[in-house]
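[1] please find the sequence and the predicted model below.
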Amino acid sequence: MNKIINRKDWFFGKIPADWDIVPLKYVCDKFSVYGANVSADNYSVHGIRFLRTTDINDDGTLTNNGVYIDEKIVGDYKLNEGDLLLSRSGTLGRSYIHSYKNGTCAYAGYLVRYILNKKVNPKFAFYLTKTVFFENWLSSSLIEATIGNVNGEKYANMLIPLPSLEKQKHIVNYLDREILLIDDLINAKEKLISLMLEKREALITKAVIKGVNSKIKFKSSGIEWLKEIPEDWEIKKIKYISNLKSGEFISAESIKESGNYPVYGGNGLRGYTNKNTHGGEFVLIGRQGALCGNINYAEGEFWATEHAIVCHPIVNYDLFWLGELLRIMNLNQYSVAAAQPGLSVDVIKNLSIPFPSFDNQKQISEYIRVNLSKIDKLKSATSRSIKLLKERKVSLISGAVTCGIKISKNDY
């Protein structure tokens, strides 16, 4: 028999009549203990691992790469086995249960520590944070907050369902097994997507460098990264086929969420404005920032900012062929090291590229489009199935921790 709780601060729905309803702090020896405010200047590759929100994966595991700090400055911020961490800012609600298997760890200021007592199984507490109910509680708490965070006291007063320790153990054992199966499926599909992306890149690379006719003869290109090219292709510097020019400055205030003309910057579409600098179809090269060298396409009338290089045709060429060729050349490798990495137009325009006939360029473009369409459809279908599996996982956890899913003794 279930009991229905009619309280505005209760988000976990119906629960069995013999379960308790308690605030999180009830199952803690200490609660709402904020982490250490340690400057990045103190980070090291040795010492005690210093956990930040970004070091915690969504599944509660830790990332492979982290930062460390000297044990002398850790103080009382060392974690104990079974401690619960919750993020109060950034990626809100990110949760972690500490295990000594992860070594000695301390934690940063945007994380809040809850030292759990014997009334709760730590893994059960973790699973509570992976439910749709917890997500709804977070959303409600954010609406009430004046800034985008949830403080430690708010977490401490969150009402949670609390079955007996024996029942908690059964639920945890059941979920550990079922979640492992779902995660294995998700990992397999994510690996499949990685293989698709590799195949996608290999397909483009081979097409723009070797062409799509397998029966032709090849010749040396004289360029180390190209090696051989079809014998009827030429080698030309970019400046002889396209005039590269940076766009024009536009203030951030002039870029809106809507407008007559799209605005393209170094990383693609930035927004819209009511003026334009260009009209037609162009390849754009990102000129500034960590992602400089990335490739985008623009058509119609648009504004190109000073952080985008616009490729103006000097000779007739297929737009998509040139864009994909430039993409596989990894132009980012030519960036100038600085606080804000950037590309020199003079360097890029003097790079040599393989140049097939216009008809060959069109054949290559069509070949790439057709085959990428097949790969992208399969990738989209796989991504959708991953999304459904993740939704299934949340639904399973949500049902189990409130007994919405009946767990038989055979499932323990």
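    Looks like it came in fine. Residues are numbered from 1 along each chain as shown.
[2] C-alpha from now on. contacts and neighbour counts both.
    Noted.
[3] now for the longest helix belonging to the chain, which elements pack on it?
    In the chain, assigned by DSSP state H, the helix with the most residues is helix 165-210. Judged by 3 or more Cα pairs under 8 Å, 6 or more residues apart in numbering; DSSP states H and E, helix 165-210 is in contact with helix 122-128, strand 228-230, helix 319-328, helix 358-400.
[4] rerun that using 10 Å as the cut-off
    In terms of contacts (3 or more Cα pairs under 10 Å, 6 or more residues apart in numbering; DSSP states H and E), helix 165-210 is packed against helix 122-128, strand 228-230, helix 319-328, strand 352-355, helix 358-400.
[5] give the rounded mean pLDDT of it.
    Taken as a whole, helix 165-210 carries a mean pLDDT of 96.
[6] export the helix or strand encompassing Arg113 to PDB, keeping only CA atoms.
    Applying DSSP states H and E as the criterion places Arg113 in strand 111-116. Output in PDB follows, covering the C-alpha atoms of strand 111-116 (Å, rounded to 0.1, in the frame of the first residue of the first chain):
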ATOM      1  CA  LEU A 111      31.000  21.100  -4.100                       C
ATOM      2  CA  VAL A 112      29.100  20.500  -0.800                       C
ATOM      3  CA  ARG A 113      29.900  17.500   1.400                       C
ATOM      4  CA  TYR A 114      27.400  15.300   3.300                       C
ATOM      5  CA  ILE A 115      28.900  12.800   5.700                       C
ATOM      6  CA  LEU A 116      26.300  10.100   5.700                       C
END
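[7] give me the distance from it to the chain's centre.
    The chain centroid and the centroid of strand 111-116 are separated by 26 Å under Cα atoms, centre = their mean, to the nearest Å.
[8] parallel or antiparallel, which strands does it pair with?
    Strand 111-116 has its sheet partners listed here by DSSP bridges as strand 28-34 (antiparallel), strand 84-87 (antiparallel).
[9] among those strands, which is the most enclosed?
    Among the strands paired with strand 111-116, strand 84-87 has the highest mean neighbour count (mean count of other Cα atoms under 10 Å), at a mean of 26.
[10] just the CA trace of it, in PDB.
    What follows is strand 84-87, C-alpha atoms only, in PDB (Å, rounded to 0.1, in the frame of the first residue of the first chain):
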ATOM      1  CA  LEU A  84      28.300  12.300  -0.700                       C
ATOM      2  CA  LEU A  85      29.300  15.400  -2.700                       C
ATOM      3  CA  LEU A  86      26.700  17.600  -4.500                       C
ATOM      4  CA  SER A  87      27.600  20.400  -6.800                       C
END
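[11] what's in contact with that strand?
    For strand 84-87, contacts defined as Cα atoms under 10 Å, 6 or more residues apart in numbering pick out 28, 31-35, 51-54, 56, 60, 79, 92-98, 107-116, 122-123, 125-126, 129, 149-152, 155.
[12] picking that back up, which strands border the helix or strand following the longest helix of the chain, and is each parallel or antiparallel?
    Next helix or strand after helix 165-210 toward the C-terminus (DSSP H and E): strand 218-220. Strand 218-220 has its sheet partners listed here by DSSP bridges as strand 228-230 (antiparallel).
[13] can you list contacts of the partner strand?
    For strand 228-230, contacts defined as Cα under 10 Å, 6+ apart pick out 208-211, 213-223, 235, 354-356.
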